[in-house]
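Participant: A structural model of the following input is requested.
(chains A and B)
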Number of protein chains: 2
Amino acid sequence: MFENLFRGKKGIFSASPELLAPKDRMRAIEGSSSAELAAQLLIAPTALMQLTPEEALTVVSYMTPRKIAEGTTFIKEGDDSDTGYMVLLLEGEVTVENIVVSRRTPVTVTVLGPGSLIGEMGLVDGQARLASCTASSDSRCAVLTRAAFEKLGQDDPQTASKLMSAVALRIAERLRDTSEKLKMYTQLVQAMQQEIDHLMPT
Amino acid sequence: MFENLFRGKKGIFSASPELLAPKDRMRAIEGSSSAELAAQLLIAPTALMQLTPEEALTVVSYMTPRKIAEGTTFIKEGDDSDTGYMVLLLEGEVTVENIVVSRRTPVTVTVLGPGSLIGEMGLVDGQARLASCTASSDSRCAVLTRAAFEKLGQDDPQTASKLMSAVALRIAERLRDTSEKLKMYTQLVQAMQQEIDHLMPT
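Facilitator: Purely as a prediction, here's the structure:
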């Protein structure tokens, strides 16, 4: 599914980029404005700002460009096959939806723009997706698969380690947010139970 | 606060272990039964089973042994100073508590035994602690600080990368659990709201 690299000016291209040496990867993406944009966006505050510009370009040389047509749901909540990748949005807009209540009505969680990192849990555990993502306009993105991350780990463990630390930090932030919401809901449930007890005919 | 290494049979010891070369670290812990136990427990199913025994021993050579007296609350919920470390429990029992409701009544979340990894969020973001941990018996543990992790990243980035991936996986699991609970509570709140509406005098 994801086999191409960003294509640089020299037009070096391989049908099996997983066989490319790190240097050839960097040469392959040289002069690609998409790859440069991807590297810039990868270290935007909305993504992984802990990386240096050089590290970002290295990571991008392991990413695959992909176009997503408007209306395409490219990540589906609950999907547990084909989940082992994360996506950096380069251009366009993506709506994130959650089927929270009674598994019927999807709730829009957020709308994401360029520089957003999507599905980073897929890179870490490759388990079922927590939300659905639909392109609300024609979009372009860069994909990092688990296989490509493992290759990066062999070729350049220092950058892989920094990348994984930055991804872990994002997941940790989400865990803090979700834990905070759970606390609020726990309190809410207690308050509502009291109200129900109060309203109940004795 | 955490300055010692596990002390091996050769008794090599340095007041500034952060200056030790990786080989000297391994030599320093050689023959230490505590270090061996720590390495075994680090890759128990309750901790980071993705590491190889060799990687586990390398990580342990960056850890600091610590004793915790019964009754000591060594991690405090909400504490945002001195948070940059995670703890591997080697011996004893630790109670994890959460002050969920109205910030008064602590709720016991879980009781942990040897082989449990505690406070791994501290290694990733060093932010405020999400729960309190109290030794319910005299305990022994191994501590990995962020500073020690960074040193490991310089000395052996491959092991650091694998360690961070394993830690990220644990945090991802917790995020999935917490998200699932949040969904249940969201549904519960909706159901309770309907009951309140129904009970309310019209």
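
Participant: residue ranges for the strands of chain A, please.
Facilitator: Assigned by DSSP state E, the strands in chain A fall at A:64-68, A:73-75, A:85-91, A:94-101, A:105-112, A:117-118, A:132-135, A:139-145.

Participant: Mean neighbour count added to these, as a markdown table?
Facilitator: In this view, the C-beta of every residue, glycine as well, is placed from N, C-alpha and C. Below are the strands of chain A laid out as a markdown table (neighbours: other CB atoms under 10 Å in any protein chain shown):
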| stretch | mean neighbour count |
| --- | --- |
| strand A:64-68 | 18 |
| strand A:73-75 | 18 |
| strand A:85-91 | 23 |
| strand A:94-101 | 19 |
| strand A:105-112 | 13 |
| strand A:117-118 | 21 |
| strand A:132-135 | 21 |
| strand A:139-145 | 23 |
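
Participant: Lowest mean pLDDT across these, which one is that?
Facilitator: Lowest mean pLDDT within these: strand A:94-101, at a mean of 83.

Participant: List the neighbouring strands of it plus their orientation.
Facilitator: Strand A:94-101 sits in its sheet next to strand A:105-112 (antiparallel), strand A:132-135 (antiparallel), going by DSSP bridges.

Participant: Return the distance of the shortest one from the chain's centre.
Facilitator: Read it as strand A:132-135. Distance of strand A:132-135 from its chain centroid, counting by CA atoms, centre = their mean, to the nearest Å, is 12 Å.

Participant: mind checking which helix or strand of chain A has the lowest mean pLDDT?
Facilitator: Here the helix or strand of chain A ranked lowest by mean pLDDT, DSSP states H and E is strand A:94-101, holding a mean of 83.

Participant: Show me which positions of stretch A:33-44 end up buried.
Facilitator: Within stretch A:33-44, the residues scored as buried using 16 or more other CB atoms under 10 Å in any protein chain shown are A:34-43.

Participant: List the ones among the residues you listed that fall in helices.
Facilitator: A:34-42 (DSSP state H).

Participant: now, among those residues, which is nearest to chain B?
Facilitator: A:Leu42 (17.3 Å; CB to the nearest CB).

Participant: What pLDDT is listed against that closest one?
Facilitator: For A:Leu42, the pLDDT comes out at 95.

Participant: thinking it is in contact with A:Leu88, fair?
Facilitator: Yes: look at A:Leu42 against A:Leu88 with CB atoms under 8 Å: they come within range, at 5.8 Å.

Participant: Quick check: neighbours shared by these two?
Facilitator: Residues touching both A:Leu42 and A:Leu88 by CB atoms under 8 Å, 6 or more residues apart in numbering or on different chains: A:117, A:142.

Participant: residue contacts, A:Asn98?
Facilitator: Contacts for A:Asn98 (CB under 8 Å, 6+ apart) come out as A:77, A:106-107, A:109, A:130-132.

Participant: Test of understanding: give the bridge partners of A:Glu97.
Facilitator: For A:Glu97, the beta-bridge partners under DSSP bridges are A:Thr108, A:Ser132.

Participant: so what's it up against?
Facilitator: The neighbours of A:Glu97, taking CB under 8 Å, 6+ apart as the test, are A:77, A:106-109, A:131-134.

Participant: Extract the C-alpha set from stretch A:184-202 and format it as PDB.
Facilitator: The C-alpha trace of stretch A:184-202 is given here as PDB (Å, rounded to 0.1, in the frame of the first residue of the first chain):
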ATOM      1  CA  MET A 184     -14.900  15.100  35.700                       C
ATOM      2  CA  TYR A 185     -17.400  12.400  34.500                       C
ATOM      3  CA  THR A 186     -16.900  10.400  37.700                       C
ATOM      4  CA  GLN A 187     -17.800  13.400  39.700                       C
ATOM      5  CA  LEU A 188     -20.700  14.200  37.400                       C
ATOM      6  CA  VAL A 189     -22.100  10.600  37.800                       C
ATOM      7  CA  GLN A 190     -21.900  10.900  41.600                       C
ATOM      8  CA  ALA A 191     -23.800  14.300  41.500                       C
ATOM      9  CA  MET A 192     -26.400  12.900  39.100                       C
ATOM     10  CA  GLN A 193     -26.900   9.800  41.300                       C
ATOM     11  CA  GLN A 194     -27.600  12.100  44.300                       C
ATOM     12  CA  GLU A 195     -30.100  14.000  42.200                       C
ATOM     13  CA  ILE A 196     -31.800  10.800  41.200                       C
ATOM     14  CA  ASP A 197     -31.900   9.600  44.800                       C
ATOM     15  CA  HIS A 198     -33.400  12.900  45.800                       C
ATOM     16  CA  LEU A 199     -36.100  12.800  43.100                       C
ATOM     17  CA  MET A 200     -37.000   9.200  43.600                       C
ATOM     18  CA  PRO A 201     -40.300   8.700  45.400                       C
ATOM     19  CA  THR A 202     -39.600   7.300  48.900                       C
END
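
Participant: Many thanks, have a good one.
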